[in-house]
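Visitor: No letters, just coordinates:
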C-alpha cells in the first residue's frame, strides 16, 4: 500500500522509517535504503553535503546507501532521492538516536493506561513543544510469522498533540539527554506489552530452545506471548537504522523462567548488535519493578537474572527500580514513576557512552559477605562514599542453617560496609535484601541511586 501511494509521485519508495521529521545519528555513516527502478542509478542529495551519493539499484529495484552525517544541530535538513523522478524528505534533524524496546513498561505512553498514570505527564505534555529537538517514531504492533521488510510508523515532532503517544520512559530519557548534550535526540520505540524475550528472537535462534514451541505462532490466542513474531513483524524492518545504542525494559512475562533469561538476553543483545552492524554499541536495561506476582518469589529471581545479564553482556548496564514504587502500587505492574527510570538510563549513557565525567551511573551492588559471630558484614561495589543513611536500613533479612529468613537490623559500619543482625538468628548463614516479589528498601548511595536487590545464598 505504501508503494502504491508513493508511486503516483515518485519511482523511489522509502520505508516509513525514513519519513519527514526523522533524526539521523550524528558524526557517522548512516544507512538508508529503499526501492527504485530496476538497474537504475539512484542519486541521494543531502542538504548538508554538496556532493550527491550515487548507488545503483538491483534487479528488483532495491538499493542501500551510506550517508556521512555532520555533528548534531537544530538546523532542519533534507534529502532528495531520485532515480530520474525525485522524492524529498523534509525537516530532518541530526543528533543522537536510541532504539527503545521491551514490553509494556517501555511501551506505556505519557498518556498512561487505564488506572495507570504517569508521573508529571500533564506537565510534560504541556511543555512538549519547548523540546523542539526531540522526535519519536513508534513502530506499530505487528506480529508476523516470517521476517517483514516494512513496518508502520513515522517520525513525529515533540508537541502537545503528539507527546501523549510517546513512550514515557523513552521520552524522559530523551529529554535528559537533549538537555545535557544540547543536540537533537530521536527515540525509535519498538515494543509490545506482554512480550517475552523469545518474542524478539528469530526462528534460527529459537529452534535451539527445547522449551519453545514454534507452532504457537499459528495459534489464534495470546499473541503477546508468542515467540518470534515481534522480531519478524517489528524489529526486522528497522534493523540497520543507525542508532547509538539500545534501551531494554522487559522481563515481567519471563517471570517463572528465570533460569534461561540471562543467557537468552545475552544472545539477543549479541544478535541485535551483529545485525545492526555498528559494532559493540551500548545495551542498557531496566530491572523489573517490585510487584506481587503471586506465590513464590519469581520476580526476585528474574531481577537476579537481569543483573546477571548485565555482568555478562559487554558494554551494558542496568537501572534499579526498587525505590520507584509506592506501597499502594504492589498490584500495579505499571508503576507511575518513569521519570527517574528515563533519567537513570540517561546517566548510564552519559557516563559510559558519552564519557561525561562526574556523573554517577551505578547504584551499590553486593560484593561479598563475612560472618563474625552473630553478625553478617556486607561489602559493596559503587559505594565508595558510603550510603544515604547510617542506620534504619530497611529491606534486609537473615537466615541461619535452617534457611528460614527473619527481618534484620542493618546499619553502616567501617564507612563502606553494612552490618546485619537478627535476634532470631544467632549464627547467620545468608543475607537477602529486598529479595521478594514486592519488597521496598531504603538504601542508596550518596548520589541517590538505590542498592540493587540481592541474596548471598544460592538456595
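Guide: Happy to help now that I have it. Note that the structure is a prediction, hence the values are computed from the model and not measured. Numbers count the residues shown, from 1 in each chain.
Visitor: Under the pLDDT cut-off, which ranges of the stretch 351-459 of the chain? List them.
Guide: By pLDDT under 70, the stretch 351-459 of the chain has no low-scoring segment.
Visitor: again, but for the stretch 51-200 of the chain
Guide: Within the stretch 51-200 of the chain, no stretch has pLDDT under 70.
Visitor: Would you map the strands across it?
Guide: Under the criterion DSSP state E, counting those that start in this stretch, the stretch 51-200 of the chain contains strands at 53-56, 62-68, 73-82, 86-102, 134-138, 155-157, 185-191.
Visitor: quick one, which of the ones you listed is nearest to residue 432?
Guide: Closest approach to residue 432 among the strands of the stretch 51-200 of the chain (CB to CB): strand 86-102, 26.6 Å. For glycine as for every other residue, the C-beta is placed from the backbone atoms N, C-alpha and C.
Visitor: What values do phi and psi take at the nearest residue to residue 171 once chain neighbours are set aside?
Guide: Of all residues not flanking residue 171 in the chain, residue 110 sits nearest, at 6.2 Å (CB to CB, 6 or more residues apart in numbering). Per-residue torsions, residue 110: phi -60, psi -30 (degrees, to the nearest 10).
Visitor: Just give me the neighbour total for residue 110.
Guide: Residue crowding around residue 110 was assessed by other CB atoms under 10 Å; the count is 25.
Visitor: need the contact list for it.
Guide: 118, 121, 124-125, 163-166, 168, 171 (CB atoms under 8 Å, 6 or more residues apart in numbering).
Visitor: what would the residues you listed look like in a markdown table with distance to residue 435 and neighbour count?
Guide: Output for the contacts of residue 110, formatted as a markdown table (distance: CB to CB, whole Å; neighbours: other CB atoms under 10 Å):
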| residue | distance to residue 435 | neighbour count |
| --- | --- | --- |
| 118 | 28 | 25 |
| 121 | 32 | 20 |
| 124 | 34 | 23 |
| 125 | 37 | 22 |
| 163 | 37 | 25 |
| 164 | 37 | 17 |
| 165 | 37 | 13 |
| 166 | 34 | 26 |
| 168 | 28 | 30 |
| 171 | 32 | 29 |
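Visitor: Give the phi and psi angles for the closest residue in space to residue 104 that isn't next to it in sequence, as a check.
Guide: Once flanking residues are discounted, residue 104 sits nearest to residue 193: 3.2 Å by CB to CB, 6+ apart. The phi/psi pair for residue 193 (degrees, to the nearest 10) reads phi -60, psi 130.
Visitor: correct me, but residue 193 touches residue 103?
Guide: Yes - under the criterion of CB atoms under 8 Å, residue 193 makes contact with residue 103 at 5.4 Å.
Visitor: Give the intersection of the neighbour lists for these two.
Guide: Shared contacts of residue 193 and residue 103 (CB under 8 Å, 6+ apart): residue 224.
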